Each structure stands twice: as C-alpha cells, then as structure tokens.
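1. this one's structure only:
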Ligand code: GAL
C-alpha cells in the first residue's frame, strides 16, 4: 500500500516536472523579458558570492528579497574556480551551485554573468594568472589559445548549471546569462580582431543552448539574439541595437569602489532612485544594482592595483550585510511603487508630454491600466505642476510615481525611510601580542635564483604571493671610501610597481608606492654605504593585479630599473644589468606563520622586548569570540600596510591609506550626466576597519596573525562590533 502511494506521488511529481519544464521559458520582446509567457519588470541586485561567506548568503538573499528584488546577479570568478589548469574548486565561498540554489529557495531569479572576463575590481579581472603563460596567448581578442580556454571554462560552467538543472527552462532560477563584459570599448580600440572576437563569443555562447537569453553589456554590436545592455550612473538614453530587444540596465552603480589612499565614494539614495525611475519611465524594464551587497575582497582577490579590501560600494546592504539606511528602505519603497505600475509598464510605450520648461509626464495608458511618472529635471528648483486635473509638488531632480495616474505614492527625492548611523563598538582590545621579525633575506639562502639583470615580478611569483625580493651586493672599494664631495651616494630605483621597501645592510632605507592611476614608482635617496660589501635587498610588493584596460595582461610589476648609484669617485654605476638574486615570498609565508599549524614553527617574542613599529614583523595573538552575532571587524587604524589572517583564513590586505585632504569632491549630484559619485572621508583612512566573518571564529582561542610591512602599533588594534542605529530625529 505504502509503495503504491509512493509510486503515485512519483508519477504525479514526474508529471508536474514535465509540465513545468514544458511551460518554463524565457524570451523577450521590445518591452521586456518574458518569463513563462509573462512580461516582467525585473529588479535585480549584484551579490558576488566570494565576497561574503556561505553563512552570510541566506540572510543577504533574504534582505535582497525584502528590499523588493526579483533577481540576484553575480559574476562567475574563473580564477577562484580554476586555480591551476584543469583543477577546479567549487567549495566554501566558491560554492556557486549552493549560492544559486539558495537564491532559488528564496524564490528569486538569477542573472549569471559568466564572463569569464569580469572586471569587477577583482584580481586580474577574474582571469587565472596561469592563463597569461599559455604560449601565444593574448586576452580578449581573436586569439586561438585564448578563445579555446574561454570556451572550455564557459562550457564547464554551463554544463555544471545544466547538470544541476539551474536554468529556468529546466525549472531552475537562471533567467539570463552574460558572455564577456563591457567589451565594446576595447573592440572600438582594437578594431577588426575585436569585431571577430565579439561575433565568436556570441556564437559560442548561443551554441551552448542554455534555453535562456544571453546578454552582452556595453556592446553596441551584440549579434542577435544576444541583447546589448547599459552600465552606468544613468541609462535613460540607452537604446538597444534592435527594436525587438528590451531596454536593460545591467549595472546601476549604487556607489563606487574604494582604492587604498583614495577618498571613499558614496552616492545619495535619492539620486540612485531618480536614475532608476527615469530609466523606467523611458521604457526600461530590467535593472540591476551594482552592487546591492558589495562585501569584502578577502585574501588577495582585490584587483587593481590598489583596490581596497573593503568592497562596500555604498551599496544598499553594507559590507557586513546590514541594511544601509535610508538607501535600502528608499529603494524598497521605489520598487513597490514601480511594481504597482507593472502591468501598465509592460503593455504600452509611454506618451510623453511637457509639464513645464524642464518637467515632463510619462504616461503608460493601456485599456485597463494607467500609470504616470512626473519628472522635474531642474537640479535646483521645486516646481508645482498640473497633471490630469491635479496639482503636484515636484522637488528638484525628482520623479513622482502615480500608479493610477492620480495618486502620488512615491517621489524619488522624498525619503520616507529613516537614515541610520554606523556604530563601531570596541569589544576587545589589548591583544596578548607576540612578534617575530622577518629578516631581510640574504642572497645565500635556499630557494633563491640568481640571474643577470632585472626581471618582471609576476613572471617569477606567478602571483602566489605579493612579495618578491631583489638582492645584490654593492662592493665599495677603498678608493671610493671618500665619496665625491664627502656626500653619501644617491641610490635611484625605478619600479613598475606597486610598492617597495628598500633595505641596506638590513636597515630599512625607505618605502615607496604607486597608485591606481600611476602604479609606477621611484625611490631616490642618499644612502650610507660602507667600504666593502653592502647588502642591498629590495622587497617589491604587488597590491592586486589590474582588472581593466586593453591587454592589461601585459602590464608589468616589479623592479624593472634602471637602478643607479651616483656620486662615487668612479662615476655613476648602472646596476640594472648586475647579478640579482631573487626570492619569492617571505620566510614567514613559507613557514606558514599565518596558519594554525605553522604559527608555532618559530620562536615568538613577547613582553617588553616585543617588536613594535618595526618593518617586516609578524604579530600573533589569540582571543575568544565575543558573544552574540553582531558582525565583527578589526580596527587597524594604528597599523601601516600588510595582511591579516584569522584561524588561517586570509582577511585581506590592510592599509589604512590616509586620504589626502583636497582629494574629496563635491557631493552635488544633480545637473549633468557625468560621474556623480561623492568623495568622502578626507583626512581619514580610506579603510580603517576589516571584516572578520563570524563563521571563521570558534568560541575560544582564535588565532589572529598580522604581517606588517612598514611598522605599526599593534597594541592599538581592537576588535569592534558593527551595528547601525536608526537616526533619532525621525524616530
Ligand atoms: C564596470 C564593470 C564592473 C565594475 C564596475 C566598476 O564597468 O563592468 O565589473 O568594474 O565597472 O565598479
């Protein structure tokens, strides 16, 4: 009997599967994406799965749903998934299938941007570093080795999604996929091979038969049936390349990324809402917030060079997953208002009428519905307008939404939700630190290679570490002992980037670094040399590989010279062609000092003789997890530059990077169409706090390890709880 009922259920289930599979479809027309026969206004948000922990995912997704989202968009991060050729990794933060299934369980759709080039302020734009060393390769052009690798990875992801039945046509949540990313501007630059590559990429993707549409963002010539889409702060003027394609906005920039030493960009909630309402009133039907949750560039995943560890992005959900108010609530209210107009929006094109010199009404009137958007484009003045027999007050730079063409339910400049203040409450300080000084390496060590001349850094390290030593001996003869004019000689070093510590005879002579705009750097200083042998040791430090720019794979890092010594009796010495000894990585890295098992492999110093404010120092301490589940963060404001680990997991690079006064910008967002982000926090660190995921901690005895490159004061590091408090004013 039991078996009978079970069989019946199985048959029913089978039927329902066949039925839903048969009815599941995603297509499009000029108005909208059509899911199972229904045209939809789709509100999407980017959450990049490796930028948070699997433990955070359900809550982030739920908060996205509560914020009125229909879709979660993510890139696929190739270098996280294929660390060496043919070795795939889909665990932990890279468990793509789990992430997509969680989105599905929450009842949301997925927009999967396979790329596999992703840009995204992610190390090397998502490409594995080994790809650069495939013979004959050139990235993102009509190049056979590149296309073969790109196809192989794209096929791998698509077949994985198919095997897990994750495409909508299989009953899964994926309704859209993306191939490439903003290739249009590169194609424009490189011409014919770029055009051929675009065609190839589109054909290759379409040939994979996912059953759901493909998109290409910023790609005006996206071949049919691929849809070209817009990215930007504003996109109302965008038109897809064919009348029968819907108007889609894949990146509504909710803020912007932070670079170390750069001002912290923000974008007002009102301006984000205004740009979205403006897009919808002009016929847009799909929009995606980039980012909805930015998260953290854990480990060495930050791109750049010089991208900060935080990827907060001023997004509606902050780095720690807490709603940022009023942005989160103001956009939720906007989504509700837009959704109440959905049937009108998807059935007709708007008719546009002037309400004043700088004011318009966009009316969507079908047989059964009427929805109106009343816009005031004036950046300074409020205006009272008459519409359909009513009077409406429109604040500057705002749009009112009238789902029945009469009642204003929302205005983009009238913020109904409360604002909140971030609170960072110290919960633990005075860690019981111990120190270990990383010696400046000497050329007699093992694991070194001696070569004639200067070599590019990533060629040698393959980006397995940020650190590469360049070492040589400077022998000063007795006849040089009295230096010209009695002055010490001038050592000049040119490096392709990104940061450099110069040691002479074990002493730090100086530290220099570049910036995102100009990663190159130079060191020029009079240095004390003794007669006889002087040990010159240069620690060249990479700070994230570039993620954008034509053929960014060819950009160099490391000390490429020239290196000169001037002011000796015998004239200027060019040291560039000398014998240089190379050592990849730090001793502490090789010993695994940052890991739970490796951390006890050296003698640590504690108490009064502990190193403080010393360059190249490892610090470790243990601590118990504070009770509760509030998100945690480390206050690293007292430190210089380096890296942080908790229980062997890499939190990322630390570098408070004080922001030069004067690099902050005007926050007025209205008026023109250029880059409207505000630049804030001048005079403060660009990143003081570093997210410690709760799930990385055990109740007691957590191992915190910090490697400091410059010299900092660890006694002032503290653990803080991140919280938000709603503004009292509006309570
Ligand atoms: C876009 C790109 C994204 C991201 C963004 C800036 O152009 O597609 O991946 O880099 O810029 O945050």
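-> Good, I have the coordinates. Here the structure is a predicted model, which is why all the values come from computation and not from measurement.

2. And the helices in the protein?
-> In the chain, the segments counted as helices under DSSP state H are 2-23, 57-66, 78-81, 96-105, 144-163, 184-190, 192-206, 269-281, 327-339, 342-347, 457-461, 587-591.

3. ok, of those, where does mean pLDDT dip lowest?
-> Note on the helices of the chain: lowest mean pLDDT is at helix 2-23, with a mean of 42.

4. Span of stretch 222-231 from start to end?
-> Length of stretch 222-231, first residue to last, CA to CA, to the nearest Å: 15 Å.

5. residues from the stretch 1-150 of the chain in reach of the ligand?
-> Counting by CB under 6 Å from any ligand atom, the residues of the stretch 1-150 of the chain lying close to the ligand are 118, 119, 120, 121. For the C-beta atoms, the positions are set from N, CA and C on the backbone; glycine is no exception.

6. thought the first one was touching residue 76?
-> Yes. Shown here, residue 118 and residue 76 form a contact pair, counting by CB atoms under 8 Å, at 7.4 Å.

7. Between those two, which contacts overlap?
-> residue 126 (CB atoms under 8 Å, 6 or more residues apart in numbering).

8. now, which of the residues of the stretch 1-150 of the chain next to the ligand sits nearest residue 582?
-> Of all those, residue 121 has the smallest distance to residue 582: 29.3 Å, by CB to CB.

9. Correct me if wrong: the closest one contacts residue 257.
-> Yes. With contact defined as CB under 8 Å, residue 121 reaches residue 257; the gap is 4.8 Å.

10. got any residues that touch both of the two?
-> Residues touching both residue 121 and residue 257 by CB under 8 Å, 6+ apart: 307, 311.

11. pLDDT wise, what is residue 446 at?
-> We have a pLDDT of 79 for residue 446.

12. contacting residues for residue 32?
-> So residue 32 contacts 39, 40, 41, 42, 246, 285, 286, 346 (CB under 8 Å, 6+ apart).

13. Tell me the spacing between it and the ligand.
-> In this view, residue 32 and the ligand are 23 Å apart by CB to the nearest ligand atom, to the nearest Å.

14. Pull up the gap between that residue and residue 352, please.
-> Residue 32 sits 19 Å away from residue 352, going by CB to CB, to the nearest Å.

15. that older thread, with distance to residue 601 and mean neighbour count added, can I get the helices of the chain in CSV?
-> Shown next, in CSV, are these (distance: least, CB to CB, whole Å; neighbours: other CB atoms under 10 Å):
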stretch, distance to residue 601, mean neighbour count
helix 2-23, 55, 10
helix 57-66, 35, 19
helix 78-81, 28, 22
helix 96-105, 35, 19
helix 144-163, 37, 17
helix 184-190, 47, 17
helix 192-206, 48, 17
helix 269-281, 50, 25
helix 327-339, 46, 22
helix 342-347, 62, 21
helix 457-461, 22, 20
helix 587-591, 5, 18
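
16. Which residue is the nearest non-sequential neighbour of residue 288?
-> Distances taken as CB to CB, 6 or more residues apart in numbering place residue 44 nearest to residue 288, at 3.8 Å, with adjacent residues excluded.

17. And for residue 26?
-> Nearest-residue entry for residue 26: residue 212, 4.4 Å, with adjacent residues in sequence omitted and distances by CB to CB, 6+ apart.

18. Same question for residue 380.
-> In space, residue 380 is closest to residue 396, 5.4 Å off (CB to CB, 6+ apart).

19. And stretch 133-147, what's buried?
-> Neighbour-count burial for stretch 133-147, counted by 16 or more other CB atoms under 10 Å, picks out 137, 138, 139, 140, 141, 142, 143, 146, 147.

20. which residues does the closest residue in space to residue 211 that isn't next to it in sequence contact?
-> Distances taken as CB to CB, 6+ apart place residue 169 nearest to residue 211, at 3.3 Å, with adjacent residues excluded. Counting by CB under 8 Å, 6+ apart, residue 169 touches 21, 24, 25, 26, 210, 211, 212.

21. Pick out the residue of the stretch 1-150 of the chain closest to the ligand.
-> residue 119 (3.4 Å; CB to the nearest ligand atom).

22. That residue touches residue 181, doesn't it?
-> Yes. Under the criterion of CB under 8 Å, residue 119 makes contact with residue 181 at 5.4 Å.

23. ok, residues contacting stretch 323-340?
-> By CB under 8 Å, 6+ apart, stretch 323-340 touches 41, 43, 63, 66-69, 254, 269-270, 272-273, 276-277, 280, 289, 314-318, 345, 371, 401, 403, 409-410, 412, 415-420, 724, 726-727.

24. Quick check: the farthest pair among the residues of the stretch 1-150 of the chain next to the ligand?
-> Maximum pairwise distance in those, criterion CB to CB, is 9.5 Å, between 118 and 121.

25. quick revisit: only whichever of the residues of the stretch 1-150 of the chain next to the ligand are buried, select them in ChimeraX.
-> Buried subset of these, written as a ChimeraX selection, criterion 16+ other CB under 10 Å:
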select :118,119,120,121
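
26. how near is residue 475 to residue 42?
-> Look at residue 475 and residue 42: by CB to CB, they are 69 Å apart.

27. Who has more neighbours out of the two?
-> Between residue 475 and residue 42, residue 42 has the larger neighbour count (other CB atoms under 10 Å), namely 22 against 11.

28. partners of that one in the sheet?
-> Under DSSP bridges, the beta-bridge partners of residue 42 are residue 286.

29. My guess is it contacts residue 34. True?
-> No. At 10.7 Å, residue 42 does not count as touching residue 34 under the criterion of CB under 8 Å.

30. contacting residues around the residue lying closest to residue 606 once chain neighbours are set aside?
-> Nearest residue to residue 606, sequence neighbours excluded (CB to CB, 6+ apart): residue 434, at 4.4 Å. Applying CB under 8 Å, 6+ apart to residue 434 gives the contacts 604, 605, 606, 610, 619, 620, 621.

31. now residue 602
-> Neighbour list for residue 602: 436, 588, 591, 593 [criterion: CB under 8 Å, 6+ apart].

32. so residue 426 sits right up against residue 633, yeah?
-> No. Using CB under 8 Å, residue 426 is not in contact with residue 633, being 10.1 Å away.

33. residues shared between the contacts of the two?
-> Shared contacts of residue 426 and residue 633, defined by CB under 8 Å, 6+ apart, are found at 719, 720.

34. Show me which of the two is the more surrounded one.
-> When neighbours are counted by other CB under 10 Å, residue 426 and residue 633 differ, and residue 633 comes out ahead with 22 against 10.

35. show me what contacts that one?
-> 320, 424, 689, 690, 691, 692, 719, 720, 721, 722.

36. So what's the residue count around residue 724?
-> Residue 724, neighbours per other CB under 10 Å, totals 16.

37. Quick check: the residue nearest to residue 288 touching residue 68?
-> No. Contact criterion CB under 8 Å: residue 44 and residue 68 do not qualify, at 10.8 Å.

38. any idea how far residue 89 is from the residue sitting nearest the centre point of the chain?
-> Using CA atoms, centre = their mean, the residue of the chain that lies closest to the mean C-alpha position is residue 121, 4.3 Å off. Distance of residue 121 to residue 89, computed by CB to CB: 21 Å.

39. In this structure the residue nearest to residue 26 contacts residue 172, no?
-> No. Residue 212 is beyond contact range of residue 172, at 9.3 Å (criterion: CB under 8 Å).

40. who's more crowded, the two?
-> Neighbours per residue (other CB under 10 Å) separate residue 212 from residue 172, with residue 212 holding more: 25 against 22.

41. measure the more buried one to residue 230 for me?
-> For residue 212, the distance to residue 230 equals 20 Å [CB to CB].

42. For the stretch 151-300 of the chain, list the residues in contact with the ligand, please.
-> So far as CB under 6 Å from any ligand atom goes, the stretch 151-300 of the chain lies against the ligand at 181, 182, 231, 251, 257.

43. Try it again at 8 Å.
-> Counting by CB under 8 Å from any ligand atom, the stretch 151-300 of the chain comes close to the ligand at 181, 182, 217, 218, 231, 250, 251, 253, 256, 257, 290, 291.

44. In contact with the fourth one: list those residues for me.
-> By CB under 8 Å, 6+ apart, the contact set of residue 218 is 181, 182, 183, 184, 185, 228, 229, 230, 231.

45. Before I go, just wanted to say thanks for your time.
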